Structures are given as structure tokens and as C-alpha cells.
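Novice: coords below, sequence missing:
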């Protein structure tokens, strides 16, 4: 128990010093990304004894795409030509495997990917996308977005946005359709450079 003003002032100074130290510790924790254990060629030494080095994780790189918000698309999908070689495309068994698109050309389902996506509102989440040969541009299916929660498009004072589960996503009118800027993990999508036939 504190009996004098001097003791109270001393206690306040100690508390302030401890709070400052906690704030500094928090800053130091935020500045350093977590380390990942990495085995290197130099890790192996002395027969069965192994040394482990620490490596910093590589930061995620993003590729921007402008996905068309499509009320006629049954699924969210990307062109096969945008998926870099080496990306594992999972098999996909729901829905037709081939069909004719709204623009009257053949489309074939190759499989699906589930990359991390970042949106203008700061949200980062995985999005399941079918990979289609014959598709010309990425499509976000209104049907799938409605299945995932309350979806609506709002136009107000020259701005348009889509709302999904209470989150607002900026969309833009372009050539008679609405597009949503989406940043996709670059490990899953490229900018559409041609790839060799599979």
C-alpha cells in the first residue's frame, strides 16, 4: 500500500517505465517477420549431426487482375493461359467438363485452383477458381457470390460497389460490364503469358 505522495509518484514512474518497455517489445515483435527453419547443403555435418539454419520467409507477391462480375457464369474462373507452368491444378468433378460460352466458343474445364486473393478493401481470402481452356478473361460468378452470403450491387453518386456478407468491394464499369480489381498470389496466376500446351 502507498502511504506518501513520493511513494505514489515512484510507483507511477515504475508503471510508466514498464508500459514503455512493453510498447518497445511489441514494436520489436511487429518489425521482425517470423523465421522459418531451413535445411541447406551446409546443414549436414559430422555424420548424423545436423545443424539447422534460420531463413526469413519470402514475402508474398501479388498479380493484379480485373475480374468481370458475371451474372451468367456458373462458376468463378480464370483462363488456363494465366496459370503459370508448375502450378498444381486440382481435378474438378462438379458441373460440365466442356460447354459453349456466352460468346459462342468452346470452353473446357481443366481443373481448379484456390489462390489467396487480396481486395481493395484490404480483405485477403482464398478463392476457388475453375481453370478453363478457351476462356478469354477472369470471371467472378454472381451466382457463387450469392451462395456465399448476401450479395448486392449498389450505385450511388457515380460510384459502384458490391457488398458480400456486409463487406464492400469497389467495382468499376468498363465496356458494358462491371469489373472488380483483385490481387492474386503470383505463385498461382501470371499476367497471361502463353504457356506450352499440356
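Specialist: That came through, no problem. Fair warning: this is a prediction, and the values are worked out from it, not measured in the lab.
Novice: Residue 164 bridge partners, please.
Specialist: Counting by DSSP bridges, residue 164 is bridged to residue 151, residue 167.
Novice: Adjust the sequence numbering to begin at 792 for everything that follows.
Specialist: Okay, residue one is now 792; in that scheme the one you just asked about reads as residue 955.
Novice: ok, it touching residue 938?
Specialist: No: Residue 955 lies out of contact with residue 938 (CB atoms under 8 Å); the separation is 10.6 Å. Quick note: C-beta positions are derived from backbone N, CA and C, even for glycine.
Novice: For those two, indicate the residue with more neighbours.
Specialist: residue 955 (16 against 9; other CB atoms under 10 Å).
Novice: quick one: that one from residue 943, how far?
Specialist: Shown here: residue 955 relative to residue 943, a distance of 8 Å by CB to CB, to the nearest Å.
Novice: How about residue 870?
Specialist: Distance of residue 870 to residue 943, given as CB to CB: 28 Å.
Novice: For those two, indicate the residue with more neighbours.
Specialist: Taking other CB under 10 Å, residue 870 and residue 943 do not tie; residue 870 has more neighbours (20 against 10).
Novice: what's the closest non-adjacent residue to the more buried one?
Specialist: Leaving aside its chain neighbours, residue 870 sits nearest to residue 926 (4.3 Å; criterion: CB to CB, 6 or more residues apart in numbering).
Novice: same check, this time on residue 908
Specialist: residue 918 (4.6 Å).
Novice: and that neighbour, how many residues sit next to it?
Specialist: If you count neighbours by other CB under 10 Å, residue 918 ends up with 19.
Novice: May I have the phi/psi pair for it?
Specialist: phi -130, psi 130 (degrees, to the nearest 10).
Novice: That one reaches residue 906, doesn't it?
Specialist: Yes: proximity of residue 918 to residue 906 meets the contact threshold set by CB under 8 Å, at 6.7 Å.
Novice: Show me the common contact partners of those two, please.
Specialist: Shared contacts of residue 918 and residue 906, defined by CB atoms under 8 Å, 6 or more residues apart in numbering, are absent.
Novice: I'd assumed residue 928 was in a helix, is it?
Specialist: No: looking at residue 928 with DSSP: H, G, I helix; E, B strand; the rest coil, it is coil, so not inside a helix.
Novice: how about it, what does it touch?
Specialist: 857-859, 870.
Novice: at 10 Å what do you get?
Specialist: For residue 928, the contact set (CB atoms under 10 Å, 6 or more residues apart in numbering) comprises 856-859, 861, 868-870, 873, 968, 970, 983.
Novice: Skipping adjacent residues, who's closest to residue 919 in space?
Specialist: Distance criterion CB to CB, 6+ apart; nearest residue to residue 919, sequence neighbours excluded, is residue 905 at 5.0 Å.
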